[in-house]
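A.B. asks: What follows is a predicted structure for the sequence shown.
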Amino acid sequence: MKADLHNHSYYSDGLLSPSELVRLASKAECDLFSLTDHDTTDGIAEAQLEADKIGLNLINGVEISAFWRNMAIHIVGLGIDLDNDVLQTGLEFNKALRRERAEKIALGLRRSGIKDALEKAQNLSGGHMLTRTHFAQMLIQEGYCKDMKSVFRRYMTGKKPGGVRVEWKDSDEVINWIKSAGGKAFIAHPFRYRLTHTKIKNMIKDFKDSSGDGFEVVNANSSEEEISLGNQWSEDYDLLASCGSDFHGWPNQRVQIGNLSEIPNPKRAIWSYL
Ligand code: AMP
Ligand code: MN
Ligand code: MN
Ligand code: MN
């Protein structure tokens, strides 16, 4: 089974259209594909049209921002009903937080001498949702920083000019949005939060206690050690395993759609339970 269940279009911070992503997934011979834009399902209708046209199996998805113990994490919802009110009300709440944050980021940047940040970031987002990566791309284009890593460190986090704390909803509430819509909830990229293994395990335990279904055992940047640890933890806590490239279509992206390591234990893989 070739699956890629974590991808972004220009409905959030990806560069490509939903149709283009679906065609790339089909070209890569994916059996199963999901578009999981940040806090929006608005691109899925277009993805579904294209998937029907070329015969690709598309799973409805979304990547939702949430808090775990006051720290921002991402939760991927898969197999969701797009018309569910609880889910869509939750996504509207997060979209409003994002709009407020974008204004605060622009204000912070203006205070440090960077003018018209909101307008310039909006130009890059093509009028779709504004994310931190749009501000980051803009700062790179304007020559303030050379790459994503340094722009996040110097401008977009903590007490830096564009660093804004957002009060996302707690994980248990976000899991409830996903479950209300008949979906399954997964912790996205558990190794990317700069946590010790003990803390990641605590996060996984808490997630399970809040009725979460699993976590991403495989993503584009997973090392063999991470995959093997993730596999072990999915057994230990009786959770499902998902996989996704987190493809954004950015030029410097090393891993392409559908090009992922296998989930070690196929019995735990999400597709047996969708
Ligand atoms: P947002 O959802 O608007 O907070 O933006 C989060 C996105 O920014 C993530 O999905 C990543 O694509 C990107 N991102 C977050 N932190 C970093 C970082 N330190 N370096 C590079 N990209 C990052
Ligand atoms: Mn992103
Ligand atoms: Mn993420
Ligand atoms: Mn993502």
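C.D. replies: Noted; the coordinates are in hand. Numbering: from 1, shown residues only. Ligands and ions are numbered 1, 2, ... in the order given.

A.B. asks: On the three-state scheme, the residue in the stretch 51-200 of the chain positioned nearest to ligand 4 is what?
C.D. replies: Distance from ligand 4 to each residue of the stretch 51-200 of the chain (Cβ to the ion) is smallest for Glu63, at 4.8 Å. All C-beta spots, glycine's among them, are computed from the backbone N, C-alpha and C. Glu63 falls in the strand class when you classify it by DSSP: H, G, I helix; E, B strand; the rest coil.

A.B. asks: Next, the contact list for it, please.
C.D. replies: For Glu63, the contacting residues are 6, 8, 12, 36-39, 74-77, 188, by Cβ atoms under 8 Å, 6 or more residues apart in numbering.

A.B. asks: In a strand, Val217, correct?
C.D. replies: Yes: secondary structure assignment (three-state DSSP) places Val217 inside a strand.

A.B. asks: so it touches Pro266, yeah?
C.D. replies: No: checked against Cβ atoms under 8 Å, the pair Val217 and Pro266 is beyond contact range at 11.3 Å.

A.B. asks: Looking only at neighbour counts, state which of the two leads.
C.D. replies: Taking other Cβ atoms under 10 Å, Val217 and Pro266 do not tie; Val217 has more neighbours (30 against 11).

A.B. asks: check the contacts of Glu63 against ligand 1, which are close?
C.D. replies: With respect to ligand 1, and counting by Cβ under 6 Å from any ligand atom, the subset of those in contact is His38.

A.B. asks: Closest one to Leu97 out of the contacts of Glu63, please.
C.D. replies: Comparing the contacts of Glu63 against Leu97 with Cβ to Cβ picks out Asp39 as the nearest, at 8.5 Å.

A.B. asks: That closest one: neighbour count?
C.D. replies: Taking other Cβ under 10 Å as the neighbour definition, Asp39 ends up with a count of 24.

A.B. asks: go on, Ser19?
C.D. replies: For Ser19, the count of nearby residues is 17 (other Cβ under 10 Å).

A.B. asks: my guess is it meets Glu50, correct?
C.D. replies: Yes: Ser19 sits in contact with Glu50 when judged by Cβ under 8 Å, with a separation of 4.1 Å.

A.B. asks: Tell me the residues of the stretch 101-250 of the chain that contact ligand 3?
C.D. replies: Ala188 (Cβ under 5 Å from the ion).

A.B. asks: quick one, helices of the stretch 151-274 of the chain?
C.D. replies: In chain order, the stretch 151-274 of the chain shows helices spanning 171-180, 197-209, 224-236, with DSSP state H, counting those that start in this stretch as the criterion.

A.B. asks: can you dump the C-alpha coordinates of the last one into PDB?
C.D. replies: C-alpha atoms of helix 224-236 as PDB (Å, rounded to 0.1, in the frame of the first residue of the first chain):
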ATOM      1  CA  GLU A 224      15.100   4.900  10.800                       C
ATOM      2  CA  GLU A 225      15.400   5.200  14.600                       C
ATOM      3  CA  GLU A 226      12.400   7.500  14.800                       C
ATOM      4  CA  ILE A 227      10.300   5.100  12.700                       C
ATOM      5  CA  SER A 228      11.300   2.100  14.900                       C
ATOM      6  CA  LEU A 229      10.600   4.100  18.100                       C
ATOM      7  CA  GLY A 230       7.300   5.300  16.800                       C
ATOM      8  CA  ASN A 231       6.400   1.700  15.800                       C
ATOM      9  CA  GLN A 232       7.200   0.500  19.300                       C
ATOM     10  CA  TRP A 233       5.200   3.300  20.900                       C
ATOM     11  CA  SER A 234       2.200   2.600  18.700                       C
ATOM     12  CA  GLU A 235       2.300  -1.000  20.000                       C
ATOM     13  CA  ASP A 236       2.900   0.000  23.600                       C
END
